[in-house]
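# next one to model:
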Amino acid sequence: MIRRKLSRSAPATAALCCLVLLLLLIVALAVVYFVVLRPRDPRVEFAFVGLRQIQFQPPPNFRLNLSLDVDVSVRNPNFASFDYDVGTALVFYRGALVGQAPVEARDIGARSTETLRAAPVLNVAAMAADRSFAGDVAAGALQLQSSTSLRGRVKVVGIFRRRASIFTACDIRVALFAGGMVAADCRSKVSS
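A predicted model of the protein is given here:
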């Protein structure tokens with residue numbers, strides 16, 4: 001009789017053990033997802049704007065050619081790569097678009113940092129169309145604004161996805177008489 005009671009409760013005990021193991025496995029997978037695999041937004045670590053080329057000749061033989069280097073350093077904190085589409089770096093002078101350059105599509109590897117570069121050449125004729133241009137050149141400084149935007153996604157284990165957009169804006173001051181020294185104040189924002 002004792003054997004029969006044990007043998008009847010053995011399948012119930014085995015089923016209970018399987019259920020407990022299944023629950024533990026589900027909890028372990030949930031912890032791994034929320035702690036390790038959960039897709040996170042990339043972070044902009046710094047943005048830099050520098051002068052790539054300047055050719056300035058004051059009046060009477062006025063000539064001005066400018067091109068900038070726009071660098072944005074992006075850190076990917078995920079255990080999967082962050083891939084983004086082609087982006088654009090735009091440069092404005094007093095609200096008018098005067099330069100643009102593409103930012104190549106690329107993957108930023110898992111838990112790594114990449115510097116994204118663009119080199120917009122400025123359309124000086126469009127800048128000269130503004131009434132304030134002659135006064136700015138005479139003062140020896142040009143006030144510019146740049147903006148760079150990228151859209152991308154993180155895909156973890158081919159299942160979990162997270163979209164992110166990176167936007168960087170900079171206020172730029174180019175000192176014409178000081179060898180083209182550039183001062184820039186940049187702000188960045190990442191949104192999902």
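
# please name the nearest non-neighbouring residue to the residue nearest the centre of the chain.
In the chain, the centroid-proximal residue (Cα atoms, centre = their mean) is Ile166; its distance is 4.2 Å. Distances taken as Cβ to Cβ, 6 or more residues apart in numbering put Leu150 closest to Ile166, at 4.6 Å, once the chain neighbours are dropped. From N, CA and C alone the C-beta is placed, and that goes for glycine too.

# which residue ranges form the strands in the chain?
Listed in chain order, the strands of the chain (DSSP state E) span 43-57, 63-76, 82-84, 87-93, 96-103, 106-108, 112-118, 141-156, 160-175, 181-191.

# now do the second one against strand 141-156, angle only.
Using axes from the mean of the first three to the mean of the last three Cα atoms, to 10 degrees, one finds that strand 63-76 and strand 141-156 are set 30 degrees apart in direction.

# can you name every helix or strand that strand 63-76 contacts?
Helices and strands touching strand 63-76, by 3 or more Cβ pairs under 8 Å, 6 or more residues apart in numbering; DSSP states H and E, are strand 43-57, strand 87-93, strand 96-103, strand 112-118, helix 124-128, strand 141-156, strand 160-175.

# recalculate using a threshold of 7 Å.
If you count contacts as 3 or more Cβ pairs under 7 Å, 6 or more residues apart in numbering; DSSP states H and E, strand 63-76 packs onto strand 43-57, strand 112-118, helix 124-128, strand 141-156, strand 160-175.

# list the buried residues of that strand.
Under the neighbour-count criterion of 16 or more other Cβ atoms under 10 Å, strand 63-76 has 64, 66-72, 74-76 buried.

# likewise the fifth one?
By 16+ other Cβ under 10 Å, the buried positions in strand 96-103 come out as 98-101, 103.

# tell me where the model's unsure across the protein.
Within the chain, the segments meeting pLDDT under 70 span 1-9, 33-39, 58-59, 157-160, 179-180.

# domains of it?
1-37, 38-191 (automatic domain parsing).

# most tightly packed of those?
domain 38-191 (a mean of 17; mean count of other Cβ atoms under 10 Å).

# can you give me how far it is from the chain middle?
Mean-position distance between domain 38-191 and its chain equals 11 Å (Cα atoms, centre = their mean, to the nearest Å).

# again, but for stretch 12-29
In terms of Cα atoms, centre = their mean, the centre of stretch 12-29 is set 43 Å apart from its chain centre.

# wait, doesn't Val86 sit right on Arg106?
No. At 9.3 Å, Val86 does not count as touching Arg106 under the criterion of Cβ atoms under 7 Å.

# contacts for stretch 174-186 next, please.
For stretch 174-186, contacts defined as Cβ atoms under 7 Å, 6 or more residues apart in numbering pick out 47, 49-51, 54, 56, 66, 137, 140-142, 144, 168-173.
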